[in-house]
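> Here is my input; please provide its structure:
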Amino acid sequence: MTTFDAIVSLVEYGVKTGLCADADRIYATNLILDCMKLDTLETGVAADAPLEEILKTLLDDARARGVIEDGIAASDLFDTRLMNCLMPRPSEVRETFFALYEKSPKEATDWYYKFSQDSDYIRRYRIRNDIKWVTKTEYGDIDITINLSKPEKDPKAIAAARTAKPTGSTAYPKCLLCPQNEGYAGRLNHPARENHRVIPLTIDGGAWFVQYSPYVYYNEHCIAFNGEHVPMVIDRSAFRKLFDFVKLFPHYFIGSNADLPIVGGSILTHEHFQGGGYEFAMAKAPVEKALRFDGYDDIKAGIVKWPMSVIRLSGKDTDRIVDLADKILLAWRAYTDEEAFIFAETDGTPHNTITPIARKRGEDFEIDLVLRNNITTEQYPDGVYHAHPEHHHLKRENIGLIEVMGLAVLPSRLKTEMAALADAIVGGKDITADPLIEKHAAWVKEFSAKYEKIDRTNVDQILRDEIGLVFSQILEQCGVFARTPEGMKQFERFAGSVK
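Predicted coordinates for the structure are as follows:
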C-alpha cells in the first residue's frame, strides 16, 4: 500500500464507519495531506485493509520524510492527529448521542461505544493483545488480565501525585480527566486527545461528563467525571451522584475509587467514577449474613460473601439508601477497633474510607459499600490492608475499584516473566539464578507441591490458576475484617455501632 493508497483508504474508512460523511471526502483528504506535509494527491486506491495497517503506512512515510520523530509517543501523537481529520465536531457527537438517548439509553451508549472504537480513541488492535482469563475461587469466577497498554504504577508515586500542583506546561489540561482534553493535541508526557469526544451530563445538579476508558479493562468501561478539577471525596453527595448516574443509565453499574492513597485509585486529584456494561464477580456474590439497621426496615442489608469487607444495601428508594449509606460511612470514618487492628486515624492522618459501587437490579437500586483502611506499619510500609510483600512479585499497584470488584489488572511485565517461568519450571532450571524471574521462586516452590506433575501440557494453565488464587489472597489481605469466625464477629460489631 502506497502513502496515497493509505490516504484514500483512511478517508474511505471514515465514511464507512460514519465518522465523516461522503460529502466530506475532499475536506478530510486535504486535512490529511496537510498533516503529512504533502501538497498534492497522486492516484491512490482504497485498500481493504485494517485501520492499524493504514495508519502504519502513513506513520512509516512520515518518519521516513522527517515529518515526525521515531518512537511510540511521537507516533501516537501523530496518528491521533490523522484520525481527527475524519472526526465530527463535539456538538455533532452530542446531538447524535442524545437523539439516540430519547429512544433508549442503551441505544445511545451502544452507538457511543462503537464510535469511541471507530475513532481509534480506543485502540482495538492494542486492547486485543491483553491477556485475559478466569480463575475459579470460593468467591466465584475472578477475572484476570495482564495489561499490555498501560505501565505499572508505584503506590508512593500515586500518593505523591495527589497533592502535586500542576505547574508550567503541565497546567493544561490539569489532568487526564479534565474536559479540556477533548481535542487536545497532546505532548510527549500527555497523550493526544484530538479524536476524543465526551458527553455532558447533569449529576447531582452539577456539570459532569462521561467517556469511555481508552484501556477498556472490561466491556463498555466508561468513566464519569466532574467538569471541575476537584479531588476525590467519598461523602453523602458521592452516593447521590452514583445513583443519579444509574438512573440515567440503568443498564450500567457505576462505582467510585476510595478517596485516600493506597486504597484509592491512580487519579485522586479529579473526582470521577468508573462504570460499564459488565457484571463482576462481586456483583454476583450473595449476601452471607443479613444485617438490620434501626429505622431502616425498608432497606435490605447484609454482609457479602467476598474476600473484602462489603456491606450491601438495596431498596426502591435511593434517598433512603443514601441516608443509610451515609450513616455507615460516618460511623466507619470514626471507627476504631484495636482488637481488629482498625484505627480511624493516627497522628491526625485519617485511615478509614469506603469504595462504593451502585447498580440497578430489577426494580431495586443497590449499593455495595467496601470498607477500606490505609494504615501502614514498619512491617507493611505499603499498607496493612494492601497486597502484602510476598505477593508484590505479581501485583504491587493499588487495589482500586476495578480490583475490588474482582478483576485483577496485572502489569505487562508478567507476559515475559510467565513465559520464562514456564520454560524454567518445565526445564528444571534454577529460578533463583535468573534475574528476570528470581522474584517468583518462593511462589513456585510453594504451589508446585500441589501438583503430581508439571510439564509443557499444563504449565501455562497452572500458572494462570495460581495467579488467580494469589489475587484472591490479595483481596483477602485488603479486607479490613478477616474471613474467619472472629473476623465476622468484629464485622458485626462495627455494623452494630452504626446509629
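
> which stretches of this protein have low pLDDT?
Applying pLDDT under 70 to the chain flags the ranges 149-170.

> let's see it at 80
149-171, 265-266 (pLDDT under 80).

> Domain ranges for it, per the record?
Domain ranges of the chain: 3-86, 92-119, 127-409+481-497, per automatic domain parsing.

> Of all these, which one is nearest His440?
Across the domains of the chain, His440 has its closest neighbour in domain 127-409+481-497 (5.3 Å, Cβ to Cβ). Glycine gets a C-beta too; all of them are placed from N, C-alpha and C.

> okay, how far is it across the closest one, tip to tip?
Terminal residues of domain 127-409+481-497 lie 46 Å apart, using Cα to Cα, to the nearest Å.

> Now the domains of the chain in TSV, please, with extra columns for distance to Tyr451 and mean neighbour count.
What follows is the domains of the chain, written out as TSV (distance: least, Cβ to Cβ, whole Å; neighbours: other Cβ atoms under 10 Å):
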stretch	distance to Tyr451	mean neighbour count
domain 3-86	39	17
domain 92-119	41	16
domain 127-409+481-497	16	18
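
> For the ones you listed, give me CSV that also has distance to Ala449.
Conversion of the domains of the chain to CSV gives the following (distance: least, Cβ to Cβ, whole Å):
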stretch, distance to Ala449
domain 3-86, 42
domain 92-119, 45
domain 127-409+481-497, 16
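
> So which of these is nearest Lys429?
Closest to Lys429 of these is domain 127-409+481-497 (Cβ to Cβ; 17.3 Å).

> next one: that closest one to chain centre, how far?
From the chain centre to the centre of domain 127-409+481-497 is a distance of 10 Å (Cα atoms, centre = their mean, to the nearest Å).

> correct me, but Cys35 touches Phe78?
Yes - counting by Cβ atoms under 8 Å, Phe78 is a contact partner of Cys35 at 7.4 Å.

> Which element, helix or strand, includes Val426?
Assigned by DSSP states H and E, Val426 belongs to helix 413-427.

> swap in Leu77?
Assessed by DSSP H and E, Leu77 sits inside helix 72-84.

> would you put the C-alpha positions of stretch 218-237 in PDB?
Provided in PDB are the C-alpha atoms of stretch 218-237 (Å, rounded to 0.1, in the frame of the first residue of the first chain):
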ATOM      1  CA  TYR A 218     -13.900  -4.800  30.700                       C
ATOM      2  CA  ASN A 219     -17.000  -4.400  28.400                       C
ATOM      3  CA  GLU A 220     -18.000  -0.800  27.900                       C
ATOM      4  CA  HIS A 221     -15.600   0.500  30.600                       C
ATOM      5  CA  CYS A 222     -16.800   4.100  31.000                       C
ATOM      6  CA  ILE A 223     -15.600   7.000  33.100                       C
ATOM      7  CA  ALA A 224     -17.900   9.700  34.500                       C
ATOM      8  CA  PHE A 225     -16.000  12.700  35.700                       C
ATOM      9  CA  ASN A 226     -16.700  16.100  37.300                       C
ATOM     10  CA  GLY A 227     -16.500  19.100  35.000                       C
ATOM     11  CA  GLU A 228     -14.300  20.800  37.600                       C
ATOM     12  CA  HIS A 229     -10.800  19.700  38.600                       C
ATOM     13  CA  VAL A 230     -11.700  18.800  42.200                       C
ATOM     14  CA  PRO A 231     -10.300  15.900  44.300                       C
ATOM     15  CA  MET A 232     -11.900  12.600  45.000                       C
ATOM     16  CA  VAL A 233     -14.200  12.700  48.000                       C
ATOM     17  CA  ILE A 234     -16.400  10.000  49.400                       C
ATOM     18  CA  ASP A 235     -19.400  11.600  51.200                       C
ATOM     19  CA  ARG A 236     -23.200  11.700  51.000                       C
ATOM     20  CA  SER A 237     -23.100  13.500  47.700                       C
END
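
> Now the terminal residues of stretch 119-133, how far apart.
Start-to-end, stretch 119-133 (Cα to Cα) is 27 Å.

> what's next to it, contact-wise?
The list of residues contacting stretch 119-133 from outside it, by Cβ atoms under 8 Å, 6 or more residues apart in numbering, reads 19, 50-52, 55, 79-80, 83, 86-87, 116-117, 143-149, 193, 195-197, 212-216, 415, 464, 468.

> how about a cut-off of 6 Å?
Stretch 119-133 is contacted from outside by 52, 83, 116-117, 144-149, 195-196, 214, 216, 464, using Cβ atoms under 6 Å, 6 or more residues apart in numbering.

> of all those residues, which comes closest to Asp430?
Distance to Asp430 across the contacts of stretch 119-133 (Cβ to Cβ) is lowest for Arg464, with 23.2 Å.

> neighbours of that closest one, just the number please.
Arg464 is flanked by 17 other residues according to other Cβ atoms under 10 Å.

> Mind listing what's buried along the helix or strand it falls within?
In this assignment (DSSP H and E), Arg464 forms part of helix 459-478. Buried residues in helix 459-478, defined by neighbour count with 16 or more other Cβ atoms under 10 Å: 459, 462-475, 477-478.

> who does it touch, helix- and strand-wise?
Packing contacts for helix 459-478, counted by 3 or more Cβ pairs under 6 Å, 6 or more residues apart in numbering; DSSP states H and E, involve strand 131-137, strand 140-146, helix 413-427.

> want to throw these into CSV with distance to Glu363?
Below are the helices and strands packed on helix 459-478 laid out as CSV (distance: least, Cβ to Cβ, whole Å):
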stretch, distance to Glu363
strand 131-137, 30
strand 140-146, 24
helix 413-427, 42
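
> which stretch among the ones you listed comes nearest Thr318?
Relative to Thr318, the nearest member of these by Cβ to Cβ is strand 140-146, separated by 26.6 Å.
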